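Peer 1: sequence? don't have it. structure:
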Ligand code: NDP
């Protein structure tokens, strides 16, 4: 019997589309899913696309494993967390030494590392792979961030490179580093995605509530911006979302959608990683926090009752909004890449920021024109902080005054700009040679004898503070 080139377990949204993508690229793929219904649905879709000759459905897991060529590569695309571990346990007795599991869900990188440690002594290879691009990306070419052993990567590379998105002919799939590197980079990709989406939503809020623009007028602006420096997938789909009309009411769909967004998984993990590494990622943290606030709808309604509903126009131009969004994005990406660079140092992954920017240029949710500029900037400069790369210094100098005007107008006009304002504060803190932590050090020494440093006099110095607060008041 002919054997499949590769196996894939989990025919949900992502798995089914990835399997069709693999088949379309000429590889035979064996597929399996816990529930039989998804296999049947998948086969109908494969037939409709004329790809059924390249897929081998198998409900029985053992038969599925046997149907794959050895050494086997088995993609797992199930819900992250416990289902991945359960699936590994089910596969383990069916695999042979030298086979490999390629886990492609949104897994926590430390879980990936534990699974790697668990499977390696058993002779089973393990790759932790981040896949971005949603259903459409999975079907027609996602961005693929691979972590794990180089040897396993070399086995899987032909298929993964073939199914990935292409940017000017270059595959948006790369092996990034050992262990959990792929899933860590995917996590931060999603953190950046949170920041992008929140900043876009904030700018939309200024248009809607501060400039009195309806959804269709906002859509036109986003479409126009998509022709310029902000050109990106998220700006493009924002235009489409804003122009959609609800067929039942004839109203703009966006006006009917409840203003509550969840936050979990990768967004929160990005913020936690940044905090644990001591790398400021205020835009990502702000985006996660903004979603938390959004989900507290009843509390917000009560607070609006207590403080009064905001009203009135703000005085800001659309050009300023465009530049403010660009400046906010530069800061957010700076922070995301800094988190990646720091983690890479800690883990010894040797991650190349230019490679990461390159594989994000197509396929993934944050793909943009801007990432091509960033890939070029990182390739030609050793700096890991984008704000210090000459091209971006020039861009930021051009854009930060607009960000300042937008944040000021938002503050005075009572419009929440959680992400944009935190991006601006980060920028202002980062470029301030003499900050204010001297006062914090004084306070810490006052109450806890923590010591401070004075240039030319050394560290661990102490002030001659009064012994008690009462003495200080005298
Ligand atoms: P779906 O909810 O569409 O599908 C989930 C799949 O997981 C189903 O095939 C389901 O099988 C299977 N599954 C769930 N629990 C178990 C279990 N305990 N044992 C065996 N199989 C199980 O998920 P998605 O395709 O959207 O997501 C899959 C992974 O990809 C997730 O990690 C997700 O975070 C990630 N991802 C999703 C993206 C997206 O845009 N949707 C983008 C990038 C990554 P059954 O049919 O039997 O329930």
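Peer 2: Thanks, I have the structure now. Owing to the predicted nature of the structure, the values given are computational and were not obtained by experimental measurement.
Peer 1: In which helix or strand does the closest residue to the ligand within the stretch 351-474 of the chain reside?
Peer 2: With Cβ to the nearest ligand atom as the measure, residue 365 is the residue of the stretch 351-474 of the chain nearest to the ligand, at 8.0 Å. Every residue, glycine included, has its C-beta placed from N, CA and C. Per DSSP states H and E: residue 365 is located in neither a helix nor a strand.
Peer 1: What is the neighbour count of it?
Peer 2: Using other Cβ atoms under 10 Å, residue 365 has 21 other residues around it.
Peer 1: Quick one: neighbours of the closest residue to it other than its chain neighbours, just the number.
Peer 2: With sequence-adjacent residues excluded and distances taken as Cβ to Cβ, 6 or more residues apart in numbering, residue 365 is closest to residue 193, at 5.1 Å. Residues lying near residue 193 (other Cβ under 10 Å) number 23.
Peer 1: Is any residue of the host helix or strand of residue 193 near the ligand?
Peer 2: Element membership for residue 193 (DSSP H and E) is helix 181-205. No - if you take Cβ under 6 Å from any ligand atom as the test, helix 181-205 misses the ligand, and the best it gets is 7.9 Å.
Peer 1: how far is that helix from where the chain is centred?
Peer 2: 5 Å (Cα atoms, centre = their mean, to the nearest Å).
Peer 1: hang on, the residue of the stretch 351-474 of the chain closest to the ligand packs against residue 135?
Peer 2: No - between residue 365 and residue 135 there is no contact under Cβ atoms under 8 Å: 11.4 Å.
Peer 1: List the buried residues of stretch 306-316.
Peer 2: By 16 or more other Cβ atoms under 10 Å, the buried positions in stretch 306-316 come out as 314, 316.
Peer 1: circling back: so the residue nearest to residue 365 makes contact with residue 360?
Peer 2: No - under the criterion of Cβ under 8 Å, residue 193 makes no contact with residue 360, lying 10.1 Å away.
Peer 1: Give the residues shared as contacts by those two.
Peer 2: Counting by Cβ atoms under 8 Å, 6 or more residues apart in numbering, the shared contacts of residue 193 and residue 360 are residue 366.
Peer 1: which residues touch the helix or strand where residue 239 lies?
Peer 2: Following DSSP H and E, one finds residue 239 within helix 233-243. Contacts to helix 233-243, defined as Cβ under 8 Å, 6+ apart, come from residues 193, 196-197, 200, 204, 215-216, 218-220, 222-223, 225-226, 252-254, 364-368.
Peer 1: Please list only the buried members of those residues.
Peer 2: Buried members of those, scored by 16+ other Cβ under 10 Å, are 193, 196-197, 200, 204, 215, 218-219, 222-223, 225-226, 252-254, 364-368.
Peer 1: ok, back up a step: what mean pLDDT does the helix holding residue 193 have?
Peer 2: The average of the pLDDT scores along helix 181-205 is 98.
Peer 1: next SSE after it?
Peer 2: Using DSSP H and E, the helix or strand that follows helix 181-205 in sequence is helix 215-225.
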